[in-house]
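Visitor: Generate a structure from the sequence data that follows.
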Amino acid sequence: MPSSLLLSTTFTSSSCKPTSTFVSQPSFKTLTKQTHGFRVSCNASPEENENQLILPETQKLILPNNTEGTFSWGLVDSIPLLISLRCHQHWLEAKQGFKSEGAIRTGRCCPPSLGKTIQPFVFPSNEKTRVRWPAHKGSEKQVKSYKKAMKAIRELPDNHPHSFVSQAKIHCAYCNGGYTQVDSGFPTIDIQIHNSWLFFPFHRWYLYFYERILRKYSGDDDFALPYWNWDNPEGMTIPQMFVEEKDDDPLFENKNPLFDVYRDTRHLPPKVVDLFFSGAKLANNFADELDSERQKACNLSMVYKDLIRNATDWKGFFGGEYTAGNMTVKPSVGSVESNSHTAVHVWVGDSSKPNREDMGNFYSAGYDPLFYVHHANVDRYDPLFYVHHANVDRMWKLWKDLGIPGHSEPTSEDWLKASYVFYDENENLVRVYNEDSVNINDLKYDFEVSKTPWKNSRPAQRKEKSKDLSRALIGEVKTVEEAFKTPARVEPLLKVRVKRPTKNRSPEEKARANEILCINGIQFNSNKFVKFDVFVNDKVDINGTLPTACDPEFAGSFAQVPHSGNQGGMLMPSAARFGLNELLDDTKTEDEEYALVALVARAGCEDLTVSGIEIKLVPIGST
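Guide: Numbers count the residues shown, from 1 in each chain. Presented below is the predicted three-dimensional model:
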């Protein structure tokens, strides 16, 4: 029988913690003292689950395994448990906020079951290292091999585990709440790979098997995935091989297997991608209106903030711990996921479609091949998803390779022993662990060495602090204590004064601890694209010209791609973190006792609230 997948959970006192009040549940302490049945169901009734899990002392998060008629995937620690789960095929249809009428894709996301037993992962041996390549400069051989493989998996039956449909459904199932913790007494809590420390390792493994499957069908032993090099000005438009609907090569029957019709036509080349895209604008001169060269410069500043300024430790980069069976399902979001990753998803997705298909919604994103080159069927699905995520995976390597103190993966067993199940290139079910994803050399792939101009794209320092700032910082704006007697609405603007733990820190003190802005208790509707921008020590006027990512006052954003899997449109919890060490220097405000923090609603914030904002010192090397 297949083994279970679970994640033991812990709390740490140093995190920027969300607050969730949407459901009344037993306390964590009470749950862990009981022998408590814990099963995950894809919105199935309890009778549909055959085996009950008995939890040990530590509360566990269970994700699915693959058995006949079921699919289970997930998180594992060293204690083997068995589960039987039924994947509900209609989980999207009744979700409030998801527009089922006119939806482009299906909500039937259960992967095929071959009745196989899960095998342990074995590192590839006696293999050469394949090198992933920037999609805008692929050779004729690389492009042709990629198209050949894509054509082949598109032509497979939908229920084949290697088919493009099945590969797209993996993302749909993992990322859209198809499975809930209903049998643990938490029927309103979805299992979600995004918005936590699972984001990077899950997508790395996803692309790892996707790449090996494509290599098999390409017939090219050198095959490696392309990546969308949107962190380099030369690659900041949608790669040309994904744009043309027709293909001159007769092998592809005049159809380009990398084409997807469901993209925003306003953003086709030569339009430069907007790495802080909001889908809306408040002023005539905000980000949506930047000329191409200014957009490229600001994109580089956005990547700099994602990988350096706001990614000072693993919690800032990966996201917070994923805890199970309690209120903190979505602890905090990492810098890349919330900013450039989400911006690209929404920028590519077709704004004229009900759910911004394909890339603009997690339920459909896997149908765009561009996803995989962003994160790594001519008629139906979009490959951009994959090239997008190939580059997101590359962000992990780049962040680690910077060699900055604090740039290392989580060391908790809860993260290291988290695992997932995928079909490999031989149609075997394989269980993989986070700890085995850390070193890509062991996985026999790498990325082509390319320019990283964002390393030198720290926003320029102000010559002096804003002349309007002083009055706001000495009493014109409410303090945190005054503003958060109850959760505060962000729409259209939330502005507060936040007391700093200290001021006038020396360079030596900054080398020992990072000053972190924590936005806590974010409650948002995950069925919608939501985004607010965060500005620090700027007298924000939403009717005027707001700062861009090129400006030091722009700390970053909190943004979420629609999940379309949240039951009943219930608000979901999260938190976000932003680094202040450089920002305070660059805005000439290191000497101020308070920081002026402004949250500007950009999209989907009608029912979004925040319960607290704080600034704390986090010693480098701790979380």
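Visitor: if I look at the nearest residue to Y433 once chain neighbours are set aside, how far off is Y210?
Guide: The shortest distance from Y433 to any non-neighbouring residue, by C-beta to C-beta, 6 or more residues apart in numbering, is to S419 (4.5 Å). Glycine gets a C-beta too; all of them are placed from N, C-alpha and C. Distance of S419 to Y210, computed by C-beta to C-beta, to the nearest Å: 17 Å.
Visitor: now do A549
Guide: Separation of A549 from Y210 (C-beta to C-beta): 31 Å.
Visitor: Can you pick out the residue with more neighbours from those two?
Guide: Taking neighbours as other C-beta atoms under 10 Å, A549 and Y210 compare with A549 leading, 30 against 25.
Visitor: show me what contacts that one?
Guide: Counting by C-beta atoms under 8 Å, 6 or more residues apart in numbering, A549 touches 275-276, 287, 298-299, 301-302, 305, 459.
Visitor: ditto for R130
Guide: 211, 215, 222-224, 444-446.
Visitor: I'd like the residues you listed as JSON lines, with neighbour count and distance to A311 appended.
Guide: JSON lines is the format used below for the contacts of R130 (neighbours: other C-beta atoms under 10 Å; distance: C-beta to C-beta, whole Å):
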{"residue": "E211", "neighbour count": "23", "distance to A311": "25"}
{"residue": "R215", "neighbour count": "19", "distance to A311": "31"}
{"residue": "D222", "neighbour count": "12", "distance to A311": "33"}
{"residue": "F223", "neighbour count": "20", "distance to A311": "31"}
{"residue": "A224", "neighbour count": "25", "distance to A311": "26"}
{"residue": "K444", "neighbour count": "17", "distance to A311": "27"}
{"residue": "Y445", "neighbour count": "23", "distance to A311": "23"}
{"residue": "D446", "neighbour count": "15", "distance to A311": "21"}
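Visitor: Take those residues and keep only those in strands.
Guide: The members of those that map onto strands under DSSP state E are 445-446.
Visitor: What residues of the helix or strand where V498 lies count as buried?
Guide: In this assignment (DSSP states H and E), V498 forms part of strand 493-499. Using 16 or more other C-beta atoms under 10 Å as the test for burial, strand 493-499 gives 493-498.
Visitor: For the residues you listed, work out which two are farthest apart.
Guide: The span of the buried residues of strand 493-499, defined through C-beta to C-beta, is set by L493 and V498 at 15.5 Å.
Visitor: Adding distance to F532, write the contacts of R130 out as TSV.
Guide: What follows is the contacts of R130, written out as TSV (distance: C-beta to C-beta, whole Å):
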residue	distance to F532
E211	35
R215	41
D222	45
F223	41
A224	38
K444	41
Y445	36
D446	37
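Visitor: Now do the SS call for M241.
Guide: helix (DSSP: H, G, I helix; E, B strand; the rest coil).
Visitor: so what does the strand ranked longest in the chain touch, helix or strand wise?
Guide: The longest strand of the chain (DSSP E) is strand 513-525. Packed against strand 513-525 by the contact rule (3 or more C-beta pairs under 8 Å, 6 or more residues apart in numbering; DSSP states H and E) you find strand 530-536, strand 554-560, strand 571-579, helix 581-586, strand 594-603, strand 609-610, strand 612-619.
Visitor: L225: how many residues sit nearby?
Guide: L225: 29 surrounding residues under other C-beta under 10 Å.
Visitor: Check G138 too.
Guide: 18.
Visitor: That one and Y146 touch, don't they?
Guide: Yes. With contacts counted by C-beta atoms under 8 Å, G138 reaches Y146, the gap being 7.4 Å.
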